[in-house]
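Colleague: please find the sequence and the predicted model below.
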Amino acid sequence: MIIATWNVNSLKVRLPHLLDWLQQRGPDVVCLQETKTENAKFPLTDIQAAGYQVEYSGQKTYNGVAILSRHAISDIQTDIPGFADEQKRVLAVTVAGVRVVCAYVPNGQAVDSEKYQYKLNWLSAFQHWLATELERHPRLAVLGDYNIAPADEDVHDPKAWEGQVLVSDRERAAFRQLVEMGFKDGFRLFPQPEKSFTWWDYRMNAFKRKMGMRIDHILLSPDLARNCRHCEIDIEPRGRERPSDHTPIWAEIET
DNA sequence: ATGGCAGGAAGCTCCTGA
């Protein structure tokens, strides 16, 4: 089973890229973030025609998440239970006995901003919810745009980014708490190339200059981590015309 | 030097992203 995540930065604009990628790679499950599409305008027929079922939780202009699946979807949940939030950032479903959580963690803007505090509050609520999910679902995968680079090796220039949003101690501590709960960073289960990133700024020719960050992740429960055979970032979509600033990451789980 | 690029909604500019 191939599971993947991709922040598409507008599903409307990226739909051709997504459909190409589905055809090329044939993933079983794909989590999307930043669809920026309200539910009434979701491109349902195009995605169904590609052979996928889909659930989505969107809003106009900002945020928005979706999960595509080649297999039957059940037990759909939107948002973090008990956490009041207008922003559509979370969707959870069950596919083939695997609980899949799709998450778009807040960006945080700057460490001294209200949005940073919102990010920390959000991450706290997310972590507490995932603790209960982990008890209920031994086979649990949490995929998405975490907006956190867990370690310096996940940052093109750690000195320049030191203390900034995406790498600050409190954000990294929040990520570490998820790992301490038992989740594994799927990407780090295997040897990986240096300078492996999932996001590159649109500006300053950052992609060609390899100035990126690894902020999109696949976290796996112990059960799924034991059965994970591969995890890889696919940078091809980032090099296309009019790309998303993020590129997909996928993992293969033996089921 | 806080720039730069992109998307969306609105509308000839601004907010947000990361």
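Modeller: Ah, there it is. Numbers count the residues shown, from 1 in each chain, chains lettered A, B, ... in the order given.
Colleague: I'd guessed A:Phe187 sits against A:Ile218; true?
Modeller: Yes - with contact defined as Cβ atoms under 8 Å, A:Phe187 reaches A:Ile218; the gap is 6.8 Å. Backbone N, C-alpha and C define where each C-beta goes, glycine included.
Colleague: okay, these two: which has more neighbours?
Modeller: The neighbour count for A:Phe187 versus A:Ile218, taken as other Cβ atoms under 10 Å, is higher for A:Ile218 (26 against 21).
Colleague: just to revisit the earlier point, spit out the residues that contact A:Phe187 and A:Ile218 alike.
Modeller: Taking Cβ atoms under 8 Å, 6 or more residues apart in numbering as the contact rule, the neighbours common to A:Phe187 and A:Ile218 are A:Cys231, A:Ile249.
Colleague: burial check on the closest residue to DNA strand B within the stretch 1-150 of chain A, number of neighbours?
Modeller: With Cβ to the nearest atom of the strand as the measure, the residue in the stretch 1-150 of chain A that lies nearest DNA strand B is A:Ser10; the distance is 3.0 Å. A:Ser10 sits with 14 neighbouring residues when counted by other Cβ under 10 Å.
Colleague: so what's the residue count around A:Ala50?
Modeller: The number of residues packed near A:Ala50 is 15, by other Cβ under 10 Å.
Colleague: how close does it get to A:Gly26?
Modeller: When Cβ to Cβ, to the nearest Å is the yardstick, A:Ala50 and A:Gly26 sit 10 Å from each other.
Colleague: then A:Gly51?
Modeller: When distances are taken as Cβ to Cβ, A:Gly51 and A:Gly26 turn out to be 9 Å apart.
Colleague: what residues are shared contacts of these two?
Modeller: With Cβ under 8 Å, 6+ apart, A:Gly51 and A:Gly26 have common neighbours A:Arg70.
Colleague: buried stuff in stretch A:60-69?
Modeller: Going by neighbour count (16 or more other Cβ atoms under 10 Å), the buried part of stretch A:60-69 is A:Asn63, A:Gly64, A:Val65, A:Ala66, A:Ile67, A:Leu68, A:Ser69.
Colleague: and the first one, what does it touch?
Modeller: If I follow you right, that is A:Asn63. A:Gln33, A:Glu34, A:Thr35, A:Lys36, A:Gln87, A:Lys88, A:Arg89, A:Tyr104.
Colleague: report pLDDT for the closest residue in space to A:Gly239 that isn't next to it in sequence.
Modeller: Distances taken as Cβ to Cβ, 6 or more residues apart in numbering place A:Phe207 nearest to A:Gly239, at 6.9 Å, with adjacent residues excluded. Model confidence at A:Phe207, given as pLDDT, is 95.
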